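Enquirer: Kindly generate the corresponding structure for this input.
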Amino acid sequence: MILALTGVNHKTAPIALRERIAISREDLPETTRALADMPGVSECMIVSTCNRVELLAAVDSPNTDLTNFLHSHFGIDPAELAPHIYDHRDREAVRHLFRMAASLDSMVVGEPQILGQVKEAFAVAKAAGTVGGQLEHLLQGAFAAAKKARSETGIGSNSVSIASVAVDMARKIFGSLQGRTVFLVGAGKMSELAARHLVQQGAGAILVTNRTYERARRMAEEFEGSLVPRVVPFESVYEAASEADIVISSTGAPHHIFRPEHGQAFMQRRRNRPMFFIDIAVPRDVDPAMNKLDGIFVYDIDDLQQVAAAHMEERNREASDAETLIAGEVERFHQRQRTVNLAPAIVALQRKAEEIRQGELHRIQARLGTLTPEQAAAVEALTRGLVNKFLHPPMQAIKQAAREGDSARLDALCEAWSVSTDLPAETENQGQAPASAAASTEQSTAERAKANEPGVEVRQ
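Expert: So this is what the prediction gives:
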């Protein structure tokens, strides 16, 4: 298996490009299946958030190029996309995934949303039938590493998110949110988080709308006992927007919701009182041309990076500790993976030794004559013990080479004993089932060998 991870994020591509390849929640299953149909892809999943679109796949050949999917599926000129793409393989792909899940690659380091987004993308891929044992093992390792980073370092302390940064920017714009009216356009997770931060900052009134009225109503009901948002039908979005001092928009719509003609109407109704739009959607909800109107100020998700930089300074030490932890988890994952891949070679060595033992017993059977059951058991135990003692040094040497990642020594040892480190067909098929840990995979493989070949004692 070759792991491949290809994508763009807020560090490598501007929002104008990211929104062209953003994948909506509704389209994600179909797009994931389309990626799975690409030649050379055996398993895959797609992570699409406001800050990134990443394709993760188990591919059959190092020549499989996932960037071709981005070019063809989204109709983007390869020359336009090439400067912004990153393409990681194997170890670097694992490292990138582990760091991403632990929020070390996020705009706001330590934000908790990305782990949930990766889990959601994995669930979509499982439901679409595009992941099996290879990515299952990898993703479970990433989730465990992210959880460990949050529990054993301070990276998650004073938790922040894109939503909280957006509210922080609104507060800095006005100096105070006391008495300000805020309009949340879109009742998704980001808007819900923003609403909670707004309540904490003392906003005077909150309006909320969503294409699905019921979803907006449910979110408003969650604020019983505090500042309860007023629910606005989506068809009244433009009338309600003119009441707001701050509009925080995050709908996931494929086109601009607010355009210059809307801004001109808002200014007339507000008698030119200033109005601020914080657009945390990708694709963007607010046409950047609105910034040209007097009295209207638009900030998109890339503008939030300036505010996020301040949070970065506060978290440098925690992030450094988390980076060290994740690096260790990546190395442990690879050690476990090498052990999993080694199990067939050890079983093959044991099988070959058992064939020789059985052959030699058969060859001298006539010379031994008729043996009593006790004598036959003694011969069986003697020959099995000799084989196990003879195999122990090379097996330990093979395991040690695998743990240390010394592929040259591993290949030399396997060649000397005429065994292969390649997975046999039946083991590859078994890889489609989830593997909770490498050790359990090696143990189960050895136990199968012991069950099928009663003369072999497996030594770990």
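
Enquirer: Count the residues that sit near the closest residue to D105 other than its chain neighbours.
Expert: Nearest residue to D105 in three dimensions, chain neighbours excluded: R99, at 4.9 Å (CB to CB, 6 or more residues apart in numbering). C-beta coordinates here come from the backbone N, C-alpha and C atoms, glycine included. Neighbours of R99 under the rule other CB atoms under 10 Å: 21.

Enquirer: Any figure for the gap between R99 and A93?
Expert: As judged by CB to CB, to the nearest Å, R99 and A93 stand 11 Å apart.

Enquirer: got it, and E331?
Expert: 15 Å.

Enquirer: Have a look at the two and say which one is more surrounded.
Expert: The residue with more neighbours, out of E331 and A93, is A93; 21 against 14, by other CB under 10 Å.

Enquirer: Tell me the gap between the helix or strand hosting that one and the middle of its chain.
Expert: Using DSSP states H and E, A93 falls within helix 91-101. Computed by CA atoms, centre = their mean, to the nearest Å, the separation of helix 91-101 from the middle of its chain amounts to 8 Å.

Enquirer: Tell me who's in contact with R211.
Expert: F234, T251 (CB atoms under 8 Å, 6 or more residues apart in numbering).

Enquirer: repeat that for 6 Å
Expert: Neighbouring residues of R211 by CB atoms under 6 Å, 6 or more residues apart in numbering: F234.

Enquirer: Please tell me how far the residue lying closest to R52 once chain neighbours are set aside sits from V282.
Expert: Spatial nearest neighbour of R52, chain neighbours left out: N9 (3.8 Å); criterion: CB to CB, 6+ apart. N9 is 11 Å from V282, where distance means CB to CB.

Enquirer: Looking at these two, which has the bigger crowd around it?
Expert: Between N9 and V282, V282 has the larger neighbour count (other CB under 10 Å), namely 24 against 20.

Enquirer: coming back round to it: the residue nearest to D105 touches S106, doesn't it?
Expert: No. Using CB atoms under 6 Å, R99 makes no contact with S106, being 9.3 Å away.

Enquirer: And for the spatially closest residue to V228 that is not a sequence neighbour, the neighbour number?
Expert: Nearest residue to V228, sequence neighbours excluded (CB to CB, 6+ apart): A220, at 6.0 Å. The burial count assigned to A220 is 20, neighbours taken as other CB under 10 Å.

Enquirer: one step back: roughly how far apart are the residue nearest to D105 and L304?
Expert: Taken as CB to CB, the span from R99 to L304 is 20 Å.

Enquirer: If you tally nearby residues, what's the number for Q375?
Expert: 12.

Enquirer: quick one: which helix or strand includes it?
Expert: helix 373-403.

Enquirer: Now find how far off-centre that helix is within its chain.
Expert: 43 Å.

Enquirer: got it, and stretch 139-147?
Expert: 9 Å.

Enquirer: which outside residues touch it?
Expert: Against stretch 139-147 from outside (CB under 6 Å, 6+ apart): L97, F98, A101, A102, L115, F122, I326, E329, F333.

Enquirer: pLDDT averaged over the helix holding A93 - what is it?
Expert: The average pLDDT within helix 91-101 is 95.

Enquirer: Buried residues, the helix or strand following it. List them.
Expert: Using DSSP H and E, the helix or strand that follows helix 91-101 in sequence is helix 113-128. For helix 113-128, a neighbour-count test (16 or more other CB atoms under 10 Å) marks Q113, I114, L115, Q117, V118, A121, F122, V124, A125, A128 as buried.

Enquirer: Report the contact partners of the last one.
Expert: This points to A128. P29, T32, R33.

Enquirer: Can you tell me what sits against stretch 198-206?
Expert: Contacts of stretch 198-206 (CB under 6 Å, 6+ apart): V167, R171, L177, Q178, G179, R180, T181, V182, A195, S226, L227, P229.

Enquirer: Checking my notes, T12 in a strand, right?
Expert: No. Counting by DSSP: H, G, I helix; E, B strand; the rest coil, T12 is not part of a strand but coil.

Enquirer: any idea which helix or strand comes after the host helix or strand of Q268?
Expert: Assigned by DSSP H and E, Q268 falls within helix 260-270. Downstream of helix 260-270, the next assigned helix or strand under DSSP H and E is strand 275-279.

Enquirer: ok, that following strand: who's next to it in the sheet?
Expert: strand 246-249 (parallel), strand 296-300 (parallel) (DSSP bridges).

Enquirer: For the ones you listed, could you give me a markdown table that also reports mean neighbour count, distance to V379 and mean pLDDT?
Expert: As requested, these are exported to a markdown table (neighbours: other CB atoms under 10 Å; distance: least, CB to CB, whole Å; pLDDT from 0 to 100):
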| stretch | mean neighbour count | distance to V379 | mean pLDDT |
| --- | --- | --- | --- |
| strand 246-249 | 28 | 81 | 92 |
| strand 296-300 | 21 | 80 | 92 |
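
Enquirer: For R89, find the nearest of those strands.
Expert: Among those, the nearest to R89 by CB to CB is strand 296-300 (32.4 Å).

Enquirer: what inclination does that closest one have with respect to helix 260-270?
Expert: Comparing the axes of strand 296-300 and helix 260-270 via axes from the mean of the first three to the mean of the last three CA atoms, to 10 degrees yields an angle of 130 degrees.

Enquirer: V167: neighbour count?
Expert: 27.

Enquirer: And G40, by the same measure?
Expert: 16.

Enquirer: For it, what are phi and psi?
Expert: The phi and psi values for G40, taken as degrees, to the nearest 10, are phi 90, psi -10.
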